[in-house]
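Trainee: have a look at this prediction, sequence included:
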Amino acid sequence: MHLEAKIQERAVQDKEAFLISSPQNTSSHGGSSMKRILLPVDGSKNSEFAVRHVVNQFIQNSAMEIHLINIQPKLPRHIGRFLSKQNVQEWNQQKSNLALANVRRILESHAIPHSVISKTGDRAKIIADEARRLRCDQIVLGTARKNSFTRMLENSTTNKLIEITNIPIEVVSGESVSPFERWGIPTAGAGIIATLLGVILD
């Protein structure tokens, strides 16, 4: 319950932050106010939901600076030790380019300028660090439709970001998960749980 309360509190704070227009929440470029957005992309449909949301915002107000970021996990040590540093970098870059491809096509189809960042490591920490380095006004995350209990069990990127950054986070809900996943039960164990429920009900 503590985590749920913290999430709700943060959501209220973020909403209030955007209701108040102040110079510290915008970046001045050539006399116009630019809103800097960091958009994490992982190649999923949820990322596309998020970018389409940002596109709609851009159409209404083009004073936006959009930064895409893809973060690849580090290779396990027992695998990485057999590869050269260059090979690992090339492998991660290829995976990053693939993950970014659809989102970039969406932005380019609307002639929306954007920058691209590729990193390797802890997703939440790198997003927070890059948002701070770029002095972003907002982080926009695409995520599956799950309840807060499920997110607590998964220790999701969203929850981690809430803990480590003060930059407002907007969560764009994407595709729904299965009923078992929605209640925090891994899909792999869904059959076992269903069987146990059947025994109990009988």
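Mentor: Thanks, I have it. Numbers count the residues shown, from 1 in each chain.
Trainee: counting by contacts, list what the longest helix along the chain packs against.
Mentor: Ranked by number of residues, the top helix in the chain under DSSP state H is helix 85-109. Where contact means 3 or more CB pairs under 8 Å, 6 or more residues apart in numbering; DSSP states H and E, helix 85-109 is packed against helix 45-60, strand 64-72, strand 114-120. For glycine as for every other residue, the C-beta is placed from the backbone atoms N, C-alpha and C.
Trainee: one more time with 10 Å, if that's ok
Mentor: Applying 3 or more CB pairs under 10 Å, 6 or more residues apart in numbering; DSSP states H and E, we find helix 85-109 packed against helix 45-60, strand 64-72, helix 77-80, strand 114-120.
Trainee: quick one: low-confidence parts of the protein?
Mentor: Applying pLDDT under 70 to the chain picks out residues 1-32, 77-82, 145-155, 175-202.
Trainee: again, 80 this time
Mentor: Low-confidence segments of the chain (pLDDT under 80): 1-32, 75-85, 144-156, 174-202.
Trainee: can I take it that E170 is in a helix?
Mentor: No. Counting by DSSP: H, G, I helix; E, B strand; the rest coil, E170 is not part of a helix but strand.
Trainee: my read: it touches K35, true?
Mentor: No. When contacts are counted by CB atoms under 10 Å, E170 is not listed as touching K35 (11.6 Å).
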